[in-house]
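In: Next one to model:
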Amino acid sequence: MHRKTIAGAWPHKSGKRARVRFLATRTLIRGTFGQNDDTYLAELTFTHKEGPVLVRLVDSYPNETPPLSRTTLISELGTTLKVRRDTDCDRPYGELILRTAPDDPMAILPEKLGYRPQLQRTPQPNEMLPCYRTVRQ
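Out: Predicted structure coming up:
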């Protein structure tokens, strides 16, 4: 029996490999119990034929697991990670208050918000950014 997929549906519920280039840190929520949630503005590239897509990327992981490495966050070429689409966390670009550059230690401190990364094209404030979540193994 063949399952039909809706146009635009994410066929890989367990995730898909993508080249990820981190552009800005939005939030880092760290705790001593439960999940940590780090949110970034990033570019994802799934194939060489497709260009990069600007996304909101959420990295959730248990407290005993380390965050993404500094090398991963600052790589100009990007890093291959497994990600999955999460339409529940899509947000307009204008709602993303960016704190700092990726892996800036000031990101965890209460500081003035409003970091603006250099983008080839800055989205309009009402333009929806698709949300993806990292898939840790």
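
In: Any regions of the protein where pLDDT drops low?
Out: 1-13, 103-115 (pLDDT under 70).

In: 50 instead?
Out: Residue ranges of the chain with pLDDT under 50: 1-11.

In: Where do the helices of the chain begin and end?
Out: Along the chain, counting by DSSP state H, helices occupy 70-74.

In: Find the residue at the geometric middle of it.
Out: The centre of the chain sits closest to Leu57, judged by CA atoms, centre = their mean, with a distance of 1.5 Å.

In: buried ones in the strand ranked longest in the chain?
Out: Criterion DSSP state E: the longest strand present in the chain is strand 16-29. Buried positions in strand 16-29, judged by neighbour count with 16 or more other CB atoms under 10 Å: Lys16, Ala18, Arg19, Val20, Arg21, Phe22, Leu23, Ala24, Thr25, Arg26, Thr27, Leu28. (Glycine included, C-beta is placed from N, CA and C.)

In: If we ignore the residues flanking it in sequence, what's nearest the residue nearest to the centre of the chain?
Out: Ala42 (4.2 Å; CB to CB, 6 or more residues apart in numbering).

In: quick one: the one you found from Thr32, how far?
Out: 27 Å (CB to CB, to the nearest Å).

In: Confirm for me that Pro123 is in contact with Leu54.
Out: Yes - contact criterion CB atoms under 8 Å: Pro123 and Leu54 qualify, at 6.5 Å.

In: re the thing from before, pick out whichever of Ala42 and Thr32 has more residues nearby.
Out: Set side by side, Ala42 and Thr32 show more neighbours around Ala42, with 26 against 6, by other CB atoms under 10 Å.

In: Quick check: the gap between the more buried one and Thr25.
Out: 10 Å.

In: Okay, buried residues for stretch 85-105 please.
Out: For stretch 85-105, the neighbour count (16+ other CB under 10 Å) marks Arg85, Tyr93, Leu96, Leu98, Arg99, Thr100, Ala101, Pro102, Asp103, Asp104 as buried.
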